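1. this one's structure only:
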């Protein structure tokens, strides 16, 4: 029931976003509903186990939202080059700004590493389930 109501809300929101896409409101609503229903079906059958879907979504969203974006915003606000470590490792610099620069760069590097490791782990779990229970769309 919750999935059906959320799908209806999503379709209503998409309908408002693309209100000029077609003149016929009924055909536009049917088209958007079909797109959402087909994409939901494909996703549910491609990743048939809920734990794998949650792991994949978590690995793709948690690290960027909690670690990567705050470090990027910090560097942007303080006008520090985003990915250039050139001025980071100056020897004998102990100013608070330099320490923040090093910390934010380290957070960037580690968050990208954690993102890649989490993604590899969740994709490995999906692959393991596929090998044990069959590929997507297989009726066994």
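-> That came through, no problem. Computed from a predicted structure; not experimentally measured.

2. check which helix or strand covers residue 116.
-> In this assignment (DSSP states H and E), residue 116 forms part of helix 96-133.

3. list the helices and strands that helix packs on?
-> Other elements packing on helix 96-133 under the criterion 3 or more CB pairs under 8 Å, 6 or more residues apart in numbering; DSSP states H and E are helix 50-63, helix 69-77. For the C-beta atoms, the positions are set from N, CA and C on the backbone; glycine is no exception.

4. Save those helices as a markdown table, and put in mean neighbour count too.
-> What follows is these, written out as a markdown table (neighbours: other CB atoms under 10 Å):
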| stretch | mean neighbour count |
| --- | --- |
| helix 50-63 | 15 |
| helix 69-77 | 14 |
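
5. Any chance of JSON lines for those, columns distance to residue 135 and mean pLDDT?
-> What follows is the helices and strands packed on helix 96-133, written out as JSON lines (distance: least, CB to CB, whole Å; pLDDT from 0 to 100):
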{"stretch": "helix 50-63", "distance to residue 135": "14", "mean pLDDT": "86"}
{"stretch": "helix 69-77", "distance to residue 135": "35", "mean pLDDT": "87"}
